[in-house]
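Asker: All I have is the shape, not the residue letters:
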């Protein structure tokens, strides 16, 4: 038998092999760990032209009207995220911020999470929920909008109010200067608000989401109840009344030769000064201004006939018209504090009066109506001009509840303040007299 020489084991090569294997295992472990890294907070993603920017290890699938899509709908496309159908793996939850149109993934614990997002045509209720949340009182109010008993609305936004409403109560809708407004009409008993130690009634939810409320007393008053407590006092609309200028909530130059100078918003009316003083004492000085929205008040000085200048005989829109709108024709007549885009930015305080248009949709007409929520048994000014013919006149809601009356602006009438509270501010209550809506912390 031939003997072979014994070969010593090559330990150097074995060591290199072991080291290489260890490196591969280490790199693999780092990759696997990073692929399933723990996130400590929710993640937000910007959306540009329907594409999610930098999603990282998150994956998105989009369905629009149940049809798969490469991109999600763009902002203002009329679509909203269907939160009931949309979902993510690994227990995460997708949300869409409607204001800046950004995606938020909540409860995100690992990457390699897949989100399937379904989009549907939005309804006002969907948009409300997206903005204020599913538990919002405001959204529950909108959900009760009536489609049968309300006045119809023309394509131009005119509301076809054909008579007063004293028996039934409705929540109706119509366009305003911000979008879709939801207004209370008739013998409604679920629009009470307790704010600043006073009772108010909701006139409408404005298109910007704010809530327009009108003062109604130091205690809750039933529809049909006559009481001076339902107003804060009395005042002339303007102490002087011998010029077209005085139909303005604010007014311009006496003796001016143009409509624009006559109705410039330079001087405060008597009733504006009264309301400003009331607001400062009862809202600002009590620390309640943070609840108030800068939403417009309409002092519609649109001319029906005449020039609206000086002492020229002039008839304003409501002298002969019964065409009802919740929009305000002229920006100069849209009174706001800071907003100069939709409004005029001329107010010192965000307070005003109800308009004749609002009183008509609320249940008034040219006939008496003592059983809707704006009736108080007192005659009080609206913010709507009627005419000038030697004397300036404003539209009234009279002591029998109709809105067809007119009053000389120099005569003292009731004052019922109107303010707008911010959208989403209602936090409790059911809107009844015994359990009015209340604001968080108030």
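Answerer: In hand now; what should we look at? What you see is a predicted model, and the numbers here were worked out from it, not measured in a lab.
Asker: How about the contacts made by residue 159?
Answerer: Taking CB atoms under 8 Å, 6 or more residues apart in numbering as the contact definition, residue 159 lies against 151, 152, 153, 174, 324, 325, 326, 357, 360, 361. No exception for glycine: its C-beta is placed from N, CA and C like everyone else's.
Asker: What of residue 165?
Answerer: Residues near residue 165 by CB under 8 Å, 6+ apart: 185, 186, 187, 363, 369, 372.
Asker: Okay, now the unreliable bits of the chain?
Answerer: Within the chain, the ranges that satisfy pLDDT under 70 run 1-56.
Asker: Return the set of buried residues in the helix or strand hosting residue 96.
Answerer: Element membership of residue 96 [criterion: DSSP states H and E] is strand 93-97. If you call a residue buried by 16 or more other CB atoms under 10 Å, then strand 93-97 has these buried ones: 94, 95, 96.
Asker: what do you get for stretch 97-115?
Answerer: Neighbour-count burial for stretch 97-115 [16+ other CB under 10 Å]: 98, 101, 102, 103, 105, 108, 111, 113, 115.
Asker: what residues go with each domain of this protein?
Answerer: Following automatic domain parsing, the chain resolves into domains at 43-122, 139-439.
Asker: returning to that earlier point: looking at the contacts of residue 159, spot the one nearest residue 145.
Answerer: residue 174 (10.7 Å; CB to CB).
Asker: List the contacts of the closest one.
Answerer: Neighbours of residue 174 in contact, by CB under 8 Å, 6+ apart: 151, 153, 157, 159, 180, 181, 183, 326, 361.
Asker: Report the secondary structure element holding the residue nearest to residue 413 when sequence neighbours are not counted.
Answerer: Spatial nearest neighbour of residue 413, excluding adjacent residues (CB to CB, 6 or more residues apart in numbering): residue 381 at 4.9 Å. Counting by DSSP H and E, the element that carries residue 381 is strand 380-388.
Asker: which helices and strands sit right next to the helix or strand following that strand?
Answerer: For strand 380-388, the succeeding helix or strand toward the C-terminus, using DSSP H and E, is strand 392-397. Contacts defined by 3 or more CB pairs under 8 Å, 6 or more residues apart in numbering; DSSP states H and E place strand 392-397 against strand 380-388, strand 406-408.
Asker: rewinding a little: mind telling me the two of the contacts of residue 165 farthest from one another?
Answerer: The most distant members of those, if one measures by CB to CB, are 185 and 369, lying 11.3 Å apart.
Asker: what sits in contact with each of the two?
Answerer: Among the neighbours of residue 185, those also in contact with residue 369 (CB under 8 Å, 6+ apart) are 165, 363.
Asker: Counting by contacts, list what the strand holding residue 381 packs against.
Answerer: Using 3+ CB pairs under 8 Å, 6+ apart, strand 380-388 sits against strand 297-298, strand 314-316, helix 356-362, strand 392-397, strand 406-408, strand 413-415.
Asker: And the fourth one, how far out from the chain middle?
Answerer: Put simply, strand 392-397 sits 28 Å off its chain's centre (CA atoms, centre = their mean, to the nearest Å).
Asker: who does that strand pair up with?
Answerer: When pairing is defined by DSSP bridges, strand 392-397 lines up against strand 380-388 (antiparallel), strand 406-408 (antiparallel).
Asker: Residue 216 belongs to a helix, doesn't it?
Answerer: No: under DSSP: H, G, I helix; E, B strand; the rest coil, residue 216 sits outside any helix and is assigned strand.
Asker: what's the neighbour count on it?
Answerer: The tally of other residues near residue 216 (other CB atoms under 10 Å) stands at 25.
Asker: give the contact list for it.
Answerer: Listed by CB under 8 Å, 6+ apart, the contact set of residue 216 reads 192, 198, 199, 200, 201, 230, 373, 376, 416.
Asker: what about it, distance to residue 371?
Answerer: 15 Å (CB to CB, to the nearest Å).
Asker: Please apply the same query to residue 390.
Answerer: Going from residue 390 to residue 371 by CB to CB gives 37 Å.
Asker: who's more crowded, the two?
Answerer: Taking other CB under 10 Å, residue 390 and residue 371 do not tie; residue 371 has more neighbours (18 against 8).
Asker: which residues touch that one?
Answerer: Contacts of residue 371 by CB under 8 Å, 6+ apart are 166, 167, 187, 223, 224, 401.
Asker: Repeat the analysis, applying 6 Å as the threshold.
Answerer: Contact analysis of residue 371 by CB atoms under 6 Å, 6 or more residues apart in numbering lists 166, 187, 223, 224.
Asker: follow-up on the earlier one: packing partners for the following helix or strand past the strand holding residue 96?
Answerer: Per DSSP H and E, the first helix or strand lying C-terminal to strand 93-97 is strand 102-106. Applying 3 or more CB pairs under 6 Å, 6 or more residues apart in numbering; DSSP states H and E, we find strand 102-106 packed against strand 43-45, strand 93-97.
Asker: Pull the residues that contact the last one.
Answerer: For strand 93-97, the surrounding residues in contact (CB under 6 Å, 6+ apart) are 81, 86, 88, 103, 104, 105, 106, 107, 115, 117.
Asker: any idea how far the spatially closest residue to the fifth one that is not a sequence neighbour lies from residue 391?
Answerer: For residue 104, ignoring the flanking residues on the chain, the nearest one in space by CB to CB, 6+ apart is residue 95 at 4.5 Å. In this structure, residue 95 and residue 391 are 58 Å apart, going by CB to CB.
Asker: cool, and residue 87?
Answerer: Distance, residue 87 to residue 391, using CB to CB: 68 Å.
Asker: try residue 216
Answerer: Here residue 216 is placed at a distance of 31 Å from residue 391 (CB to CB).
Asker: what does residue 412 give?
Answerer: Per CB to CB, residue 412 is found 15 Å from residue 391.
Asker: can you check residue 422 too?
Answerer: Using CB to CB, one gets 40 Å for the distance from residue 422 to residue 391.
Asker: Comparing those two, which residue is more hemmed in?
Answerer: Neighbours were counted for residue 422 and for residue 391 using other CB under 10 Å; residue 422 has more, 17 against 13.
Asker: Let me see the contact set for the closest residue to that one other than its chain neighbours.
Answerer: Residue nearest to residue 422 in three dimensions, not counting chain neighbours: residue 293, with 4.7 Å by CB to CB, 6+ apart. Shown in contact with residue 293 (CB under 6 Å, 6+ apart): 210, 420, 422.
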